[in-house]
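# Below are the sequence and a predicted model for it; my questions follow.
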Amino acid sequence: MYFFYNLITNLVFIISPLIFIYRIFKRKEDPKRFQEKLCIYSKNKIGNKVWIHATSIGELMSVIPIINKFEKDNKIKSIIITTTTLSSARIFSKLKFRKTFHVYFPLDTNFLTKKFISFWKPELAIFVDSEIWPNMYKNLEINKIPIIILNARMVKKTLNRWKIFPNFAKEVFSKITLAMPQNLETSKYLKQLNVKNIKIAGNLKYYGEKDKKNLDNKILKKKFKNFNIWCAASTHDNEEIFIGKLHQNLKRYGRKLITIIIPRHINRSSKIIDDMKKIGLNTIIHSSNQKIRKNTDIYLVDSYGISSKFYNLTNVTFVGGSLVAHGGQNPLEPARLGNYIINGPYVSNFREIYSYLNKIKISSKTSSILEIEKIIIKKINKKKNKQSINKINKIGEQILDKNLFYINKYL
């Protein structure tokens, strides 16, 4: 099966110039750095104790606490982090690390993965969440470099895809040195795929920013000081229309209300503005730096990496991907900041987390506009739930310590 996989990846490599040109035109690729995906580097060659691959923003943010710990570890001289998306690279550029630097993950061809390993010389490879790359895994194993899957996540749909090629799947997954799944479901699936060493350490996203000064934004506070605000976060297509109609209902109560929408993909911003306009709502986008007017309905956050600053201003958040058959988005970031969580029925991707939030009574599942309306009216002016914040933070610290305990055995 590796033969057929290599045929496909080599074909992608051959047509990659056309793919890169298209993606640069669509502003999805960095015109100055896309060559890194072909293992062409402007940086000097550095031997690295640790290499971490976190494909995009969510994975990158979840592993920052681990990087912070590695930065303070004297036996780790250098850390390389790879991602695949332009947005994640932009977020990394804002982070202040001393010995951690970023390059793009290469195309998963046999030739390029060999070149990547030879150039950077990692001693430990850590893949975050659901990153399975057959050629990279094969060449890491050949070079006797341990492979750790951190905060591993797999859903039934992904398992079924791998089961189409059972022998290939078992060969790929058998190369994993250590897997640390974020939930019991993933642990069960990894066992079926021939992963031998599995340690359940918990979901790293329970751990969050402890320095609230980084979240306390005086400019935003001043901007929203005369308004009641609530958030609709990680929203997907069609969910914004639902949120817009909900906002129209909430306006009947005569409050100075702003609904903050933080879409899952900010490249949909123009469509969201058009959708809001069609139902008679006025929208301001964050990047415009416009002053909020009396007739403003929707404040659209069109920048990555700043969601927490808005969660810190409110205490109730609807988490998207849950009104459509997507499986939900992770609610832990707003929950850690004392937000009451509202979600739709489709949360299979994070079933255990939503179950826990429901258990400590800081979440509600509903797809009814009227029910969500009632929850928002009830919660919008309440104080943040310090008890739930402390519970989640305590769990987060335990999970971080447990992950580090298992990783340290390979350093």
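Good, I have the coordinates.

# Using CSV, write out the CA atom coordinates for the biggest helix by length in the chain.
The helix that spans the most residues within the chain, counting by DSSP state H, is helix 2-25. These are the backbone C-alpha positions of helix 2-25, laid out as CSV (Å, rounded to 0.1, in the frame of the first residue of the first chain):
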residue,chain,number,x,y,z
TYR,A,2,2.9,2.3,0.6
PHE,A,3,3.6,2.0,-3.2
PHE,A,4,0.2,3.4,-4.1
TYR,A,5,0.4,6.1,-1.4
ASN,A,6,3.7,7.2,-2.8
LEU,A,7,2.3,7.3,-6.3
ILE,A,8,-0.4,9.8,-5.0
THR,A,9,2.0,11.9,-3.0
ASN,A,10,4.5,12.1,-5.8
LEU,A,11,1.8,13.2,-8.2
VAL,A,12,0.9,15.9,-5.7
PHE,A,13,4.5,16.9,-5.6
ILE,A,14,4.7,17.2,-9.4
ILE,A,15,1.7,19.4,-9.6
SER,A,16,2.5,21.3,-6.4
PRO,A,17,3.8,24.4,-8.2
LEU,A,18,0.3,24.9,-9.6
ILE,A,19,-1.3,24.2,-6.2
PHE,A,20,1.0,26.8,-4.6
ILE,A,21,0.3,29.4,-7.2
TYR,A,22,-3.5,28.9,-6.7
ARG,A,23,-3.2,29.0,-2.9
ILE,A,24,-1.0,32.2,-3.0
PHE,A,25,-3.6,33.8,-5.3
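
# what separates it from the chain centre, distance-wise?
If you compare the mean C-alpha spot of helix 2-25 with that of the full chain, they lie 25 Å apart, counting by CA atoms, centre = their mean, to the nearest Å.

# The helix or strand just after it pairs with which strands, parallel or anti?
Tracing the chain past helix 2-25, the next element assigned as helix or strand by DSSP states H and E is strand 50-53. For strand 50-53, the paired strands and their directions (DSSP bridges) read strand 79-83 (parallel), strand 125-128 (parallel).

# doesn't residue 365 make contact with residue 358?
Yes: between residue 358 and residue 365 a contact is recorded at 7.3 Å, counting by CB atoms under 8 Å. C-beta: built from backbone N, CA, C; applies to glycine.

# Just give the closest residue to residue 290, not the sequence neighbours.
residue 284 (5.0 Å; CB to CB, 6 or more residues apart in numbering).

# The one you found: what's it in contact with?
Applying CB atoms under 8 Å, 6 or more residues apart in numbering, we find residue 284 in contact with 290, 292, 293, 296, 298, 299, 300.

# Could you confirm it falls within a strand?
Yes: checked against DSSP: H, G, I helix; E, B strand; the rest coil, residue 284 lies within a strand.

# got a pLDDT number for it?
Listed pLDDT for residue 284 reads 95.

# what are the bridge partners for it, then?
residue 299.

# and the gap between it and residue 297?
9 Å (CB to CB, to the nearest Å).

# what does residue 153 give?
Separation of residue 153 from residue 297 (CB to CB): 35 Å.

# Just list the residues touching the residue nearest in space to the middle of the chain, thanks.
Within the chain, the residue whose C-alpha comes closest to the C-alpha centroid is residue 58; the distance, by CA atoms, centre = their mean, is 1.4 Å. With CB under 8 Å, 6+ apart as the criterion, the residues that contact residue 58 are 129, 330.

# swap in residue 162?
Neighbours of residue 162 in contact, by CB under 8 Å, 6+ apart: 169, 173, 193.

# Please apply the same query to residue 230.
Contacts of residue 230 were listed using CB under 8 Å, 6+ apart, and they are 257, 259, 260, 314, 316, 317, 318, 376, 380.

# Identify the bridge partners of it.
Here residue 230 shows beta-bridge partners residue 259, assigned using DSSP bridges.

# Point out where this protein drops to low pLDDT.
Segments of the chain classed as low confidence (criterion: pLDDT under 70) are 45, 47, 209-216, 254.

# all helices of the stretch 301-411 of the chain, in order?
All helices of the stretch 301-411 of the chain, identified by DSSP state H, counting those that start in this stretch, fall at 307-311, 332-336, 351-359, 369-379, 386-407.

# Contacts for the fourth one, please.
Outside of helix 369-379, the residues that reach it under the criterion CB under 8 Å, 6+ apart are 230, 242, 245-246, 249-250, 253, 315-316, 318, 340, 342, 364, 366.

# Show me which of those residues are buried.
Of all the contacts of helix 369-379 considered here, the ones buried according to neighbour count by 16 or more other CB atoms under 10 Å are 230, 242, 246, 250, 315, 316, 318, 340, 342, 364, 366.

# Could you double-check that the fifth one lies in contact with residue 380?
Yes: applying CB under 8 Å, one finds residue 315 in contact with residue 380, separated by 7.3 Å.

# what comes up buried for stretch 12-19?
Neighbour counts using 16+ other CB under 10 Å place 13, 16 of stretch 12-19 among the buried residues.

# circling back: got JSON lines for the contacts of helix 369-379, with distance to residue 71 too?
Written out in JSON lines, the entries for those read as follows (distance: CB to CB, whole Å):
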{"residue": "230", "distance to residue 71": "36"}
{"residue": "242", "distance to residue 71": "42"}
{"residue": "245", "distance to residue 71": "46"}
{"residue": "246", "distance to residue 71": "43"}
{"residue": "249", "distance to residue 71": "48"}
{"residue": "250", "distance to residue 71": "44"}
{"residue": "253", "distance to residue 71": "48"}
{"residue": "315", "distance to residue 71": "33"}
{"residue": "316", "distance to residue 71": "35"}
{"residue": "318", "distance to residue 71": "35"}
{"residue": "340", "distance to residue 71": "34"}
{"residue": "342", "distance to residue 71": "37"}
{"residue": "364", "distance to residue 71": "39"}
{"residue": "366", "distance to residue 71": "42"}
